[in-house]
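# for reference, the sequence and a predicted model appear below.
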Amino acid sequence: MHSAEPRRRDRRRARHEATKQEILDAAWAMVRAGGLNALSLRALAHDLDMEPQSLYTYFASKNAVYDHLFAAGNRELLDRFARLEQTDDPRQVLGEIARLFVSFATDEPARYELLFMRTVPDFEPSPGSYALAVEVFSRARSALAAVGLDDDADFDMWTALVAGLASQQLANDPDGDRYLRLIDDAVAMFADHVFGTQAAVNVNRSLIRA
């Protein structure tokens with residue numbers, strides 16, 4: 001009985017994917033330096049020593065590049081959720097998610113802007129890329145529901161609180177930690193509002209024991 005021949009590597013496809021990733025890496029560098037609206041396919045081609053027509057064989061439009069960046073950003077956010085420490089402590093869960101989200105925003109402001117602020121005219125993510133964003137939302141919602149935060153109004157307040165911290169940090173102290181230092185206090189106030197203060201919890205426990 002003859003063993004199956006080893007599958008040959010598709011070298012052409014491998015080169016195509018490598019060049020595509022090189023273009024995306026250059027696109028990230030461009031938007032980091034000049035903002036999302038600085039992205040230009042002609043400038044990308046120049047930076048990579050390519051003919052503009054050649055670059056269009058990899059990305060048909062500037063929005064196609066944005067779409068890949070949008071998908072990559074959401075995959076990174078999903079990876080960060082996957083690395084969250086597992087705990088049943090609601091306050092710790094809130095703190096971990098708040099720090100995850102705000103640090104994600106401040107690590108790459110252009111990425112945060114693309115994913116959450118929608119400042120690029122006429123850009124709409126493709127269905128596949130948008131599905132990743134929906135998965136991010138579902139992952140966050142499930143993590144919070146697991147510790148008792150399942151009321152829609154509470155969830156809306158939570159997202160406004162965390163997004164506000166991220167936006168304030170980016171707008172007012174992008175290279176510092178002015179609003180990052182407020183995360184623990186903000187989370188504590190929100191947790192007290194939603195779950196009750198620790199003193200109230202202790203009173204309830206005493207009444208139950210009695």
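Cool, got the structure.
# which residues sit against the host helix or strand of residue 25?
In this assignment (DSSP states H and E), residue 25 forms part of helix 11-34. Identification of contacts with helix 11-34 by C-beta atoms under 8 Å, 6 or more residues apart in numbering yields 38-40, 43-44, 47-48, 55, 58-59, 65, 68-69, 72, 108, 110-111, 114. The way it works is simple: take the backbone N, C-alpha and C, and place the C-beta from them, glycine included.
# buried subset of those?
Buried residues within these, counting neighbours by 16 or more other C-beta atoms under 10 Å: 39-40, 44, 55, 58-59, 65, 68-69, 72, 108, 110-111, 114.
# pLDDT for those residues - can I get that in a markdown table?
Formatted as a markdown table, the buried ones among the contacts of helix 11-34 follow (pLDDT from 0 to 100):
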| residue | pLDDT |
| --- | --- |
| 39 | 94 |
| 40 | 93 |
| 44 | 94 |
| 55 | 93 |
| 58 | 94 |
| 59 | 95 |
| 65 | 96 |
| 68 | 97 |
| 69 | 97 |
| 72 | 96 |
| 108 | 93 |
| 110 | 94 |
| 111 | 95 |
| 114 | 95 |
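# narrow those residues to those in helices?
44, 55, 65, 68, 69, 72, 110, 111 (DSSP state H).
# list the contacts for the fourth one?
Contacts for residue 68 were tallied using C-beta under 8 Å, 6+ apart; they are 24, 59, 129.
# quick check: the second one touching residue 41?
Yes. Taking C-beta atoms under 8 Å as the definition, residue 59 is a contact partner of residue 41 at 7.0 Å.
# okay, and the common contacts of these two?
Common neighbours of residue 59 and residue 41 (C-beta under 8 Å, 6+ apart) are residue 65.
# mind listing the helices for the chain?
So, for the chain - with DSSP H - the helices run 11-34, 41-47, 52-55, 62-82, 90-107, 109-112, 127-145, 152-172, 183-195, 198-209.
# leaving out chain neighbours, which residue sits closest to the spatially most central residue of the chain?
For the chain, the residue nearest the mean C-alpha position is residue 77 (3.8 Å; C-alpha atoms, centre = their mean). Spatial nearest neighbour of residue 77, excluding adjacent residues (C-beta to C-beta, 6 or more residues apart in numbering): residue 136 at 5.1 Å.
# ok, how many other residues are close to that neighbour?
If you count neighbours by other C-beta atoms under 10 Å, residue 136 ends up with 20.
# how much space separates it from residue 79?
Distance, residue 136 to residue 79, using C-beta to C-beta, to the nearest Å: 11 Å.
# next one: residue 194
Taking C-beta to C-beta, one finds residue 194 at 28 Å from residue 79.
# quick one: which of the two has more around it?
Ranked by neighbour count (other C-beta under 10 Å), residue 194 and residue 79 place residue 194 first, with 19 against 9.
# looks like the more buried one contacts residue 154 (just checking).
Yes. Contact criterion C-beta under 8 Å: residue 194 and residue 154 qualify, at 5.3 Å.
# for residue 43, give me its contacts.
Residue 43 makes contact with residue 30 under the criterion C-beta under 8 Å, 6+ apart.
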